[in-house]
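Colleague: What follows is a predicted protein model with its sequence.
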4 protein chains.
Amino acid sequence: MSVLDDLRRTVSDLHRELVRYELVIWTAGNVSARVPDRDLMVIKPSGVSYDELGPEAMVVTDLHGTLVEGDLAPSSDTAAHAYVYRHMPEVGGVVHTHSPYATAWAARGEPIPCVLTMIADEFGGEIPVGPFALIGDDSIGRGIVETLRTSRSGAVLMRNHGPFTVGKDARAAVKAAVMLEDVARTVHFAHQLGRPDPIEQHHVDRLHARYQNVYGQ
Amino acid sequence: MSVLDDLRRTVSDLHRELVRYELVIWTAGNVSARVPDRDLMVIKPSGVSYDELGPEAMVVTDLHGTLVEGDLAPSSDTAAHAYVYRHMPEVGGVVHTHSPYATAWAARGEPIPCVLTMIADEFGGEIPVGPFALIGDDSIGRGIVETLRTSRSGAVLMRNHGPFTVGKDARAAVKAAVMLEDVARTVHFAHQLGRPDPIEQHHVDRLHARYQNVYGQ
Amino acid sequence: MSVLDDLRRTVSDLHRELVRYELVIWTAGNVSARVPDRDLMVIKPSGVSYDELGPEAMVVTDLHGTLVEGDLAPSSDTAAHAYVYRHMPEVGGVVHTHSPYATAWAARGEPIPCVLTMIADEFGGEIPVGPFALIGDDSIGRGIVETLRTSRSGAVLMRNHGPFTVGKDARAAVKAAVMLEDVARTVHFAHQLGRPDPIEQHHVDRLHARYQNVYGQ
Amino acid sequence: MSVLDDLRRTVSDLHRELVRYELVIWTAGNVSARVPDRDLMVIKPSGVSYDELGPEAMVVTDLHGTLVEGDLAPSSDTAAHAYVYRHMPEVGGVVHTHSPYATAWAARGEPIPCVLTMIADEFGGEIPVGPFALIGDDSIGRGIVETLRTSRSGAVLMRNHGPFTVGKDARAAVKAAVMLEDVARTVHFAHQLGRPDPIEQHHVDRLHARYQNVYGQ
């Protein structure tokens, strides 16, 4: 199987994780992956339900969002994904959802404070808010990139809209989307009945360094 | 398969989406579809559980709710669906649920403000509240129609009762019901810890126009 | 199949509805049914997980909770169920859960106000609170019966404990448990951001009468 | 099948309960069991998803966390589990999750008050908070043990981190983790709209004694 076929399958399969963790409804969320060593990306087609997705439905575009391969129109968020790949060469995967707790923080324009070891581990500090931006040009992509550049976080809460996450590959970006919604929810719950103490910065630094270097196999 | 058989299957299948997205419990929600070019509609029978629904259980009535075909009594909400079809010729599908977050807004009689791009996209502005109305005559139908006529929204929150959604066909009305509960929930979460800024009207207009014309395949 | 075998299967199957609607965790909830025309009831065994329940695991006791048939010890809530059957001859089914929203109202000792048409339909008014009572004698059963006798509701919120529901048969009691958690949740959500207007009493009466007489097949 | 093989299967299977009750996401939670009469424990490998777990993936370590059997690195929480087994000989199983409601109480450093009979039954009083502790040495294990020693509870809420539960075997520790999240959620709901009365201490004592001695088969 070619690298591209393999990536179509990976991206298609990863959409199931968005469904499993209830990060998306109907057709409202998407995963993409950069094709290694080529100026191409694989992304979900627009308006297709998750039940009907399969490797063959996935769309290949260049890094300006122009269709290269596939029968369907690419996701309406393609321009934002493409902008991220053009400007963040270290990123291999991008995910966009409207997962409810993360989107509630985004609606208020309030960053998620680093009050849990899981936030320190995965995001290395508070999860930042990006600007309000309209779909249709580079505004969303630019807002994502400018926000992520000022942070260790792989997640950004786009104001009045919802989260975008990035990772070294599509799986890491999906993991960040899952972890983001989990911590957005837990900190929401914590704030409903008080205000937790933030974790001290030197502890955050140590937790983040350890998790990035030691965790897993 | 005849148009009517096809529609029975479509309406039966769409009830599964209500279950999947947890918009209904027990037997408390229903989908109907207008039969194209005929003064008929297909609707769920009353008090039958979603596990036992199939195309053959679906009921056909005229647009005053009188049974035309089927062995079971039609949904107790049939009069409301029928009223909508009689007075809104552009509507091809109607859905009623008691989905919990939308119903909580309905209980307070509070419209859902347009603070998310998803609300602008799908509903074109705030989601309006309809009057308190008793079952048993045209009151509910009239309340739905009068409210929807003053709005771009395909969803209305009937006071102390729950939401009704409409669409060009049954699938579009179910999509609106799913999106409604999702945004009702997210804005509920947002309001629990503050008040998000509404999206400016000219942005709402642009998002709504784009979504209605460009999104999907 | 004998009436008793049939009832064992019915009661066993109905436990699955408690699981499906997430009213119970681990082994913490139970359904019973009165055996028609005999002073017997069928109930869940104590401490058995829902995965391992089947008709043959169900236990038969008399209406004082003494084991009549079955290999396992009956539910630790058997005395409460039995008391209800002895004192409410119109009741054919009893359900006990710790469903989270209903139990939260019970923990505060706060009745659920009749602010939704669904509450008027199914419960005929506010859902009442029963006294704090310890397990081990007739206290819980007595608290249930005394509270339900002052109300049209088939559900009671036992203080600091959780809900009990009754019905003409086990299925009706399970339906009441499902509807109870649904309205407990929706009214909880409504109260988080305000206070809904109660439905006027004459409307409640009319809705309740209609639902009890007209709804279903 | 040897005792060790049997225990690998038990521990592997019990992880499914964490998934079923939504106590964990991605790979972020773990179960371990002490090997009876040997200074060994069976634990989840680090960073492996729950779909890919099976008996053969489970790891055996000594009670200082040194790998004894298995191809994969043990959970990054192994040191904490091992510390508990070394210092609490009555404990046969340990579970760690970041279940959202319990973790929200942990984030605020607030014990869960004993306002439900289910809390009295299972935990014998309020559920205590343990200190903030960094991963990497014995700090977490020491915090767990010191906190549990002052309480009848088999659950501790580690500050800014999440819950650990213990039991006489792995199944009992998983049960405690499931019950903990359930009561953390219900009391959270109760507190959102008021403050429930705590159960009086002599009632708590009686409920706890009864449940520990009488419940189940």
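Modeller: The structure has been received and is ready for your questions. Numbers count the residues shown, from 1 in each chain, chains lettered A, B, ... in the order given.
Colleague: residues from chain A in reach of chain B?
Modeller: Counting by C-beta under 8 Å from any C-beta of the partner chain, the residues of chain A close to chain B are A:25-28, A:45-48, A:72-73, A:76, A:98, A:100-101, A:103-105, A:107-110, A:132, A:134-136, A:160-162, A:188, A:191-192. To be clear about C-beta, it is placed using only N, CA and C from the backbone, and glycine gets the same treatment.
Colleague: Would you mark the buried spots in stretch A:29-36?
Modeller: A:Gly29, A:Asn30, A:Val31, A:Ser32, A:Ala33, A:Arg34, A:Val35 (16 or more other C-beta atoms under 10 Å in any protein chain shown).
Colleague: for those residues, which one is nearest chain D?
Modeller: Comparing those against chain D with C-beta to the nearest C-beta places A:Val31 closest, at 15.2 Å.
Colleague: Is that closest one in contact with A:Lys175, as I believe?
Modeller: No: counting by C-beta atoms under 8 Å, A:Val31 does not reach A:Lys175; the two are 11.4 Å apart.
Colleague: Number of residues surrounding A:Gly65?
Modeller: By the criterion of other C-beta atoms under 10 Å in any protein chain shown, A:Gly65 has 19 neighbours.
Colleague: What of the one 5 residues further on?
Modeller: Counted with other C-beta under 10 Å, the burial measure for A:Gly70 works out to 17 neighbours.
Colleague: contacting residues for it?
Modeller: Residues in contact with A:Gly70 (C-beta atoms under 8 Å, 6 or more residues apart in numbering or on different chains) are A:Pro45, A:Ala57, A:Met58, A:Val59, A:Val60.
Colleague: and what of A:Glu122?
Modeller: A:Gly154, A:Lys175, A:Ala176, A:Met179, A:Val183, A:Tyr211.
Colleague: what ranges do the strands span in chain A?
Modeller: Counting by DSSP state E, chain A has strands at residues A:30-35, A:40-43, A:59-62, A:67-69, A:93-96, A:129-130, A:155-158, A:162-167.
Colleague: Looking at the ones you listed, which one is packed in the most?
Modeller: For these, the largest average neighbour count (mean count of other C-beta atoms under 10 Å in any protein chain shown) is found in strand A:93-96, namely a mean of 30.
Colleague: name the helices or strands packed onto it?
Modeller: Packed against strand A:93-96, as judged by 3 or more C-beta pairs under 8 Å, 6 or more residues apart in numbering or on different chains; DSSP states H and E, are the following elements: strand A:30-35, helix A:78-87, strand A:162-167, helix A:170-192.
Colleague: what sits up against that strand?
Modeller: Under the contact criterion C-beta under 8 Å, 6+ apart, strand A:93-96 has outside partners A:18, A:29-34, A:77, A:80-81, A:84-85, A:162-174, A:176-177.
Colleague: roughly how far apart are the residue of chain A found nearest chain B and D:Val115?
Modeller: Nearest residue of chain A to chain B (C-beta to the nearest C-beta) works out as A:Gly47 at 3.0 Å. Shown here: A:Gly47 relative to D:Val115, a distance of 48 Å by C-beta to C-beta, to the nearest Å.
Colleague: and which of the contacts of A:Glu122 is nearest A:Asp121?
Modeller: A:Tyr211 (3.8 Å; C-beta to C-beta).
Colleague: Can you give me the pLDDT of the closest one?
Modeller: pLDDT for A:Tyr211: 92.
Colleague: Is it correct that it is in contact with A:Asp121?
Modeller: Yes: here A:Tyr211 reaches A:Asp121: they are 3.8 Å apart, a contact under C-beta under 8 Å.
Colleague: dump the residue contacts of the residue of chain A found nearest chain C.
Modeller: Ranked by C-beta to the nearest C-beta, the top residue of chain A for proximity to chain C is A:Gln192, at 8.8 Å. Applying C-beta under 8 Å, 6+ apart, we find A:Gln192 in contact with B:Gln192, B:Leu193, D:Ala104, D:His188, D:Gln192.
Colleague: Next one, pLDDT for the fourth one please.
Modeller: The predicted local confidence for D:His188 comes out at a pLDDT of 98.
Colleague: Hmm, A:Phe189 and it touching each other?
Modeller: Yes: the pair D:His188 / A:Phe189 is scored as a contact, 6.3 Å apart, by C-beta under 8 Å.
Colleague: overlap in contacts of these two?
Modeller: D:Tyr101, D:Ala104.
Colleague: Any regions of chain A where pLDDT drops low?
Modeller: Within chain A, the ranges that satisfy pLDDT under 70 run A:1.
Colleague: Give me the most central residue, it.
Modeller: The centroid of chain A falls nearest to A:Thr165 when counting by C-alpha atoms, centre = their mean (2.0 Å).
Colleague: A:Glu56: neighbouring residues, count only.
Modeller: Neighbour count for A:Glu56, taken as other C-beta under 10 Å: 12.
Colleague: Could you tell me how far it is located from D:Arg34?
Modeller: For A:Glu56, the distance to D:Arg34 (C-beta to C-beta) stands at 50 Å.
Colleague: how distant is stretch A:23-35 from the center of its chain?
Modeller: In terms of C-alpha atoms, centre = their mean, to the nearest Å, the centre of stretch A:23-35 is found 9 Å from the chain centre.
Colleague: How about stretch A:152-172?
Modeller: Distance of stretch A:152-172 from its chain centroid, counting by C-alpha atoms, centre = their mean, is 3 Å.
Colleague: first to last residue in it, what's the distance?
Modeller: The distance separating the two terminal residues of stretch A:152-172, taken as C-alpha to C-alpha, to the nearest Å, comes to 14 Å.
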